[in-house]
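> sequence first, then the predicted structure, then my questions.
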Amino acid sequence: NGDRYKTEKQVKLGYLPFLYEDIGARITVEEEEISRYYDDHLTEFQVPEKRRARHILFRAAPDDPEETHEQQLTKAEEILEKATSGEDFGELATQHSEGPTAATGGDLGFFTQGQMVKTFNDAVFSMDTGEISEVVKTDFGYHIIKLEEIQLGGVTPMEDAKERIISAVQLEQATPLAFQLANSAYEEVIGAGSLAAYLEQNGEAHLIETDYFTRSNPPAGVAADPAFLDRAFELQEGELSSIVETAEGYVIITAESVMEPQIPALNEVRDQVEEDFRAEKAADAAKADAEQLIAATAEEGSSFDQAVQDRGLALQESGPLLKNDPAHASDFPQALVNDAFRLTRSAPVASEPGVVDDSYFVYRFDQRIPPEAAMNEDDRERYRELLLQFKQQNIL
């Protein structure tokens, strides 16, 4: 299994950077350009109105029984009366709210128009500071809301946005300039005959050199960019890339040295090898034990419980399982639930163990709890046909 422990390919690189940030920092932005950018991008500097509210929630989902809704609405109205008569809203929220913000007195922080569900949003944005709403119903249940604070919207003044505008203009101008500089440098490298000759002729050119690194652990900065890594790990030793575009700008890469993957000496990976060996043997033993248990239960006159007991194993109960249950809470593996539903009274134990990761499971059908809703004859016939088709397909 030596190939399983091969080291990653490692490369040692040099690269010429033509990065937007570096080039942009050398660009002077005139006042006229700042003003023009501000006027052309005015929507970027608009600040929406924000509101801060607290709420007390009494949970009731749309599909909950009507009785639950009535009970929760009654509770909400009782607490609303306390809130409007002067009791501290935050304390009432801590004591009675069934929402996740109960611990912070129902505080929802600041939010903008449209961030909350519509009925809640409409209520908050029609209130005045300090006002307490009537009971508001949403899909989460019944809310009592108190508006704590309003931050009015507006437009950020140009002076306050100046630094941001300068950075944006510099980036805008640096993007095409970076490519022009990279393209010019690449042509000069080709004209000089080698990267080394180009560097000798251009004293201002700066080659950044890395130490050896793997693809999974690249150095910080542009060298961690996926496009950079894709090209870098394609290069042969001594090869020069063409211009590579990254999110930060352009680079020209040279592979100074390449170390291909190698199988390490055993003593270097011995702990991992031993761990993998034990895991593999344990999985093999678990599979064999599971298959033997199934075989024992198939013998005439033997019982599942007795076979389990003879092997000193502990039988666990799954509790009721649902075939499609996103909130699966049983210790029984979710991945095996569909297979469990294929078991029958005549064949209560699967012919092969279930496998999840490297663990093996033997399980027996114990009980079926029929759905509460009665099935009409048309549905029964339709399901009969579907089951027949399913069984025919399995036989085929």
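Right, received. Where do you want to start? Everything quoted here is computed from the prediction, not taken from an experiment.

> pretty sure I144 sits in a strand.
Yes - judged by DSSP: H, G, I helix; E, B strand; the rest coil, I144 forms part of a strand.

> in the sheet, who's paired with it?
Taking DSSP bridges as the rule, I144 bridges to I56.

> how about it, what does it touch?
H55, I56, A76, I79, L80, A83, I132, S133, V135, V136 (Cβ atoms under 8 Å, 6 or more residues apart in numbering). For the C-beta atoms, the positions are set from N, CA and C on the backbone; glycine is no exception.

> hang on, the fourth one in a strand?
Okay, so that is I79. No - under the criterion used here (three-state DSSP), I79 is helix, not part of a strand.

> that one - how many residues pack around it?
As a burial measure, the neighbour count of I79 was computed by other Cβ atoms under 10 Å and equals 22.

> so who does A290 touch?
Contact analysis of A290 by Cβ under 8 Å, 6+ apart lists P353, Y360, F361, V362.

> just the buried ones from the contacts of I144?
Neighbour counting over these (16 or more other Cβ atoms under 10 Å) leaves H55, I56, A76, I79, L80, A83, S133, V135, V136 as the buried ones.

> closest to F45 out of those?
The shortest approach to F45 among these belongs to H55, at 31.5 Å (Cβ to Cβ).

> my guess is the closest one contacts G109, does it?
No - using Cβ atoms under 8 Å, H55 is not in contact with G109, being 11.5 Å away.

> may I ask which two of the contacts of A290 are separated the most?
The distance between the two most remote of the contacts of A290 (Cβ to Cβ) is 7.3 Å, for Y360 and V362.

> mutual contacts of these two, please.
When contacts are counted by Cβ under 8 Å, 6+ apart, Y360 and V362 are jointly contacted by A290, P353, G354.

> pLDDT value on the residue nearest to the second one when sequence neighbours are not counted, please?
Read that as P353. Using Cβ to Cβ, 6 or more residues apart in numbering and skipping residues adjacent in sequence, the residue nearest P353 is A290, 3.6 Å away. Looking at A290, its pLDDT reads 95.

> before we move on, which element is A290 in?
Assignment of secondary structure by DSSP states H and E places A290 within helix 266-298.

> next SSE after that helix?
Per DSSP H and E, the first helix or strand lying C-terminal to helix 266-298 is helix 304-310.

> just how off-centre is that next one within its chain?
Centroid displacement of helix 304-310 relative to its chain, using Cα atoms, centre = their mean, to the nearest Å, is 43 Å.

> so what touches the helix or strand encompassing A227?
Using DSSP H and E, A227 maps to helix 226-232. Counting by Cβ under 8 Å, 6+ apart, the neighbours of helix 226-232 from elsewhere in the structure are 11, 13, 15, 215, 218, 222-223, 241, 244-247, 251, 253, 255.

> go again using 7 Å as the cut-off
Contacts to helix 226-232, defined as Cβ atoms under 7 Å, 6 or more residues apart in numbering, come from residues V11, L13, R215, P218, V222, S241, V244, E245, T246, V251, I253.

> against F228, how distant is T112?
Between T112 and F228 the distance is 37 Å, computed by Cβ to Cβ, to the nearest Å.

> kindly report the same for A347.
The span separating A347 from F228 equals 58 Å under the rule Cβ to Cβ.

> tell me who's in contact with E372.
The contact partners of E372, by Cβ under 7 Å, 6+ apart, come to none.

> what helix or strand is the closest residue to E209 other than its chain neighbours on?
Leaving aside its chain neighbours, E209 sits nearest to G14 (4.7 Å; criterion: Cβ to Cβ, 6+ apart). G14 belongs to strand 10-19 when elements are defined using DSSP H and E.

> returning to that earlier point: alpha carbons only: can I get the helix holding A227 in CSV?
Taking Å, rounded to 0.1, in the frame of the first residue of the first chain, the C-alpha atoms of helix 226-232 are listed here in CSV:
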residue,chain,number,x,y,z
PRO,A,226,-6.4,28.7,-7.5
ALA,A,227,-5.3,30.0,-11.0
PHE,A,228,-1.8,30.5,-9.7
LEU,A,229,-1.6,27.0,-8.2
ASP,A,230,-3.2,25.3,-11.3
ARG,A,231,-0.4,26.8,-13.5
ALA,A,232,2.4,26.4,-11.0
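
> list the buried residues in that helix.
Applying a neighbour-count criterion of 16+ other Cβ under 10 Å, the buried positions in helix 226-232 are F228, L229, R231, A232.
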